[in-house]
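J.: Would you be able to build a 3D model of this:
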Amino acid sequence: MGLPVTLALRGRHARSPEGLAAWHDVVASLRDVDRMFSTYRADSAVSRVRDGSLRLEHAPPELVEVLAIAEQARVASDGAFDVQIPSPDGSRTLDPSGVVKGWAIERAAALLDHLEATDTCLSAGGDMVCRTRVVGSTGWRIGIEDPRAPERVLAVLPIVDGAVATSGTAHRGQHILDGRTGLVPRGVASVTVVTGSLTWADIDATAAFAHGPDAAGWLQTRPDRTGLVVWKDGTTTSVRTPAA
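T.: The predicted structure follows:
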């Protein structure tokens with residue numbers, strides 16, 4: 001995925017052999033995902049589906065699962081989120097990376113659930129799954145950086161059990177496109193989403209960003225979300241929606 005991955009443990013297994021073994025399991029899981037989904041490896045399942053050497057019905061079930069999630073996201077976002085990436089010539093190229101990162105980290109984080117009396121926070125490029133298992137723990141405090149000055153913390157979010165994801169252009173440039181137009185969204189600098197699933201926190205942060213000026217309005221339609229939209233002019237809009 002080309003991202004730094006970190007794990008924070010707090011509690012009984014912070015320095016135990018079981019904690020270290022769980023970290024090794026997490027790394028192995030993410031390497032398996034990279035082998036399957038990397039768009040830079042000619043032998044990955046995604047690349048083989050793209051070049052036609054692997055039919056989707058013969059693809060690994062994990063790829064089928066990711067593409068099914070992607071289709072749900074496309075429908076829910078009215079097409080703003082799409083893993084069929086539009087090109088200027090009108091063609092589209094399969095790139096499920098917008099689903100894979102959150103899905104992979106959420107999947108790997110499940111490998112830490114057996115660590116009793118241990119708080120865990122697994123992060124990839126700033127998107128993270130946080131769990132609190134220590135009696136009396138107040139959870140995790142997650143800083144949201146200012147996209148215009150990444151060294152400055154714009155807000156701090158308390159997370160007990162949940163996931164947080166941010167989409168923006170501060171670190172990777174203008175890599176997010178509106179799936180309906182193929183154009184870079186206007187007016188928005190970053191979107192942060194907190195919810196129970198990192199798969200959907202990451203998707204919704206990207207989808208909201210892709211909506212550009214309508215980022216906050218679209219995010220308001222998503223149930224059980226807490227969000228922060230940072231606009232290009234530095235102003236912010238907070239979003240909190242009830243569970244469905």
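
J.: Ranking helices and strands of the chain by mean pLDDT, which lands last?
T.: strand 84-86 (a mean of 86; mean pLDDT, DSSP states H and E).

J.: so what secondary structure elements neighbour the helix or strand following that strand?
T.: Heading C-terminal from strand 84-86, the first helix or strand you meet, by DSSP states H and E, is strand 92-94. If contacts are counted by 3 or more CB pairs under 8 Å, 6 or more residues apart in numbering; DSSP states H and E, strand 92-94 sits against helix 45-51, strand 84-86. Quick note: C-beta positions are derived from backbone N, CA and C, even for glycine.

J.: mean confidence for strand 92-94?
T.: Summarised as a single mean, pLDDT over strand 92-94 is 90.

J.: Now do the helix or strand following that strand: everything it contacts.
T.: Sequence-wise, the next helix or strand downstream of strand 92-94 (DSSP H and E) is helix 97-109. When contacts are defined by CB atoms under 8 Å, 6 or more residues apart in numbering, helix 97-109 is touched by residues 1, 3, 5, 25-26, 29-30, 33, 37, 39, 66, 69-70, 73, 81, 83, 120, 122-125, 127-129, 131, 163, 165, 197-203, 206.

J.: strands paired with the biggest strand by length in the chain, and their directions?
T.: The residue-count maximum for a strand in the chain (DSSP state E) belongs to strand 149-159. The pairing partners recorded for strand 149-159 under DSSP bridges are strand 140-146 (antiparallel).

J.: For the strand it pairs with, list every residue counted as buried.
T.: 140, 142, 144-146 (16 or more other CB atoms under 10 Å).

J.: so where's the protein shaky on pLDDT?
T.: Where the chain drops to pLDDT under 70, the residues are 1, 170-174.
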